[in-house]
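In: What follows is a predicted protein model with its sequence.
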Amino acid sequence: MEINPLWMFALLLFFMMCGYSVGFVMGGTALLVGLLTFGPGIVDILVDRVFHYQTHYLLIACPLFLLMGQVLGQSGLVDNLYGALHVWMGRLRGGLAVATVTICTIFAAATGIVSSSVVAMGLIAFPSMLKRGYDKKLAGGSVMAGGALGVLIPPSVLLVLFGVVAEMSVGKLFFACFVPGLVLSSLYIGYILLRSFLQPEIAPAVPEEETRIPITQKVSLLVKAIIPPVLLIVSVLGSILFGVATPTEAAGVGAVGAIIITAFNRRLNWPVIKNSLFVAVRTWGMICIIVFGATSFVGVFTVLGGGKIVEDVMMGLPFGTTGSLIVMLLILFILGMFIDPGGIVMLCAPLFVPIAVTLGFNQLWFAVVFNLVLQMSFLTPPFGFALFFLKAVAPPGVTMVDLIKGGVPFVGLQAIGTGVIIAFPVLALWLPGLMIS
């Protein structure tokens, strides 16, 4: 039975609208279409594809990075950082929001997990800002946008997935995304400071008595708060940069480092270890379902000639390579409103990366731009994950509408940041060029 591969997307959309999990939908669609087209033999092919990813060495890094993030989330690291930056930046208009983005940037480089950053800052920084008269939308937007940096700033679990699927160096991907992540962080901070200057009432300075402590105590607080995450970041990313360890080995170093930091802060106990292991394994299990479903979907879609159809469409678009790039990014943006980011990586990376290379784009640069757009999906309704993470821990009186409105300006800033990296590819390609093989 001959089936047009594009019908697979129609089935995917239909079953997702019925409320089924995206991983099961993609895997089920692949199995159904495969059986109708190729018969029972498709089962062996799909099992081989799933087994290939299940035994991939680099994917071991994912649960280790997840464990690192979960342990750090209970280590008191965020509390210490926020306490230190509160006394340093509190007297600045918008200072608490700037501190929030700064902490999220550091935490992203230490964990690479969006949920941990958003929930931690949602519990600590968000109520603190609201208590001091900050606008709900600005405060919520800064927490969500800062937390979403975990997609881009290494060690990101999604970057590991992307590297495996696109058959690219995960280490180079990490460092290619590092500077763009800092560019976005700087844009957020600049926006917060500008709005706070133009509208002082939305982000007032904290009362002077809250920050009136001796300068030596301020310095001591900052040093004690900043040294542990910096050491962890250097040990994980530095070992990759200088060729000492693979990303998988560096993930192991990071997990051990997170446990040491938690023990140093006297937060390490059996419930913390048990809960961190449970959450890390459960999260990785959910990701595996998406990985297995998506790789099955792409496998059947490609065998049916879907990849060639997509390539022909992209190559035939008007406005040359620029038009093709814009269409691919728009597709990613729209998919991000409805599909899990991991599913988008598994679904689109195998299709779009070869097309980008054929169009003459640098593969590493395109991967960075791909993930920049993917980051927007965490703030865009109806299924923006950061919106739901923050709403789950937000104080009473904060509505989903407030959070959506708060995220809109930051989505615009993410689009500007994407444009900057498109215009200046060197920002993404400079740091990977320094890596030692």
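Out: The structure has been received and is ready for your questions. Residues are numbered from 1 along each chain as shown.
In: for the chain, longest helix please?
Out: helix 270-303 (DSSP state H).
In: The next helix or strand along the chain from that one - contacts with which helices or strands?
Out: Counting by DSSP states H and E, the next helix or strand C-terminal to helix 270-303 is helix 306-315. Applying 3 or more C-beta pairs under 8 Å, 6 or more residues apart in numbering; DSSP states H and E, one finds that helix 306-315 contacts helix 320-336, helix 341-358. (Glycine included, C-beta is placed from N, CA and C.)
In: how far out from the middle of the chain is the first one?
Out: Taking C-alpha atoms, centre = their mean, to the nearest Å, one finds the center of helix 320-336 at 19 Å from the center of the full chain.
In: returning to that earlier point: deepest-packed of the helices and strands packed on helix 306-315, please.
Out: Neighbour counts (mean count of other C-beta atoms under 10 Å) averaged over each of those peak at helix 341-358, with a mean of 22.
In: That one: how far from the chain's middle?
Out: Put simply, helix 341-358 sits 16 Å off its chain's centre (C-alpha atoms, centre = their mean).
In: contacting residues around it?
Out: For helix 341-358, contacts defined as C-beta atoms under 8 Å, 6 or more residues apart in numbering pick out 22-23, 26, 151, 158, 161-162, 165-166, 168, 287, 290-291, 293-295, 297-298, 302, 307, 310-311, 314-315, 324-325, 328, 331-332, 335-336, 339, 363, 366-367, 370, 374, 377-378, 385.
In: Let me know the average pLDDT across it.
Out: Helix 341-358 shows a mean pLDDT of 90.
In: so how far does stretch 335-343 reach from one end to the other?
Out: Stretch 335-343 has an end-to-end distance of 10 Å (C-alpha to C-alpha, to the nearest Å).
In: tell me which strands and helices the longest helix of the chain is in contact with?
Out: Checking 3+ C-beta pairs under 8 Å, 6+ apart, helix 270-303 ends up next to helix 7-17, helix 22-38, helix 41-54, helix 61-73, helix 157-166, helix 341-358.
In: and the next element down the chain from the shortest one?
Out: Read in the C-terminal direction, the helix or strand following helix 157-166 is helix 170-198, with elements assigned using DSSP H and E.
In: Flag every buried residue along the helix or strand of the chain with the lowest mean pLDDT.
Out: Across the helices and strands of the chain, mean confidence by mean pLDDT, DSSP states H and E is lowest for helix 208-211: a mean of 77. Neighbour counts over helix 208-211 (16 or more other C-beta atoms under 10 Å) mark Thr211 as buried.
In: Now find how far off-centre that helix is within its chain.
Out: Worked out by C-alpha atoms, centre = their mean, helix 208-211 lies 35 Å from the chain centre.
In: What of stretch 147-166?
Out: 6 Å.
In: give the contact list for Ser142.
Out: 97, 100-101, 129, 188, 192, 410.
In: quick one: secondary structure of it?
Out: Secondary structure, DSSP: H, G, I helix; E, B strand; the rest coil: Ser142 is helix.
In: Next, the angle helix 22-38 makes with the longest helix of the chain.
Out: 30 degrees (axes from the mean of the first three to the mean of the last three C-alpha atoms, to 10 degrees).
In: could you give the angle of helix 270-303 to helix 41-54?
Out: Relative orientation of helix 270-303 versus helix 41-54 (the same axes, to 10 degrees): 140 degrees.
In: tell me the angle helix 270-303 makes with helix 61-73.
Out: Using the same axes, to 10 degrees: helix 270-303 against helix 61-73 is 150 degrees.
In: if we can go back for a sec, so which of the helices and strands packed on helix 270-303 has the densest surroundings on average?
Out: Ranked by mean neighbours (mean count of other C-beta under 10 Å), those are led by helix 61-73, with a mean of 27.
In: which helices and strands does the helix or strand following it pack with?
Out: Where DSSP H and E defines the elements, the next helix or strand beyond helix 61-73 is helix 77-89. Using 3+ C-beta pairs under 8 Å, 6+ apart as the contact test, the elements touching helix 77-89 are helix 95-111, helix 114-131, helix 208-211, helix 215-233.
In: Redo the helices and strands packed on helix 270-303 as JSON lines? Include distance to Ile422.
Out: As requested, those are exported to JSON lines (distance: least, C-beta to C-beta, whole Å):
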{"stretch": "helix 7-17", "distance to Ile422": "27"}
{"stretch": "helix 22-38", "distance to Ile422": "28"}
{"stretch": "helix 41-54", "distance to Ile422": "30"}
{"stretch": "helix 61-73", "distance to Ile422": "28"}
{"stretch": "helix 157-166", "distance to Ile422": "18"}
{"stretch": "helix 341-358", "distance to Ile422": "12"}
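In: Which of those helices sits closest to Pro395?
Out: helix 61-73 (19.7 Å; C-beta to C-beta).
In: right, and the helices and strands packed on helix 306-315 - which one's nearest His86?
Out: helix 341-358 (31.5 Å).
In: what about burial for the contacts of Ser142, which qualify?
Out: 97, 100-101, 129, 188, 192, 410.
In: Before we move on, what's the pLDDT of the residue nearest to Leu92 when sequence neighbours are not counted?
Out: Nearest in space to Leu92, with sequence neighbours left out and distances taken as C-beta to C-beta, 6 or more residues apart in numbering, is Ala205 at 6.4 Å. Note for Ala205: predicted pLDDT of 86.
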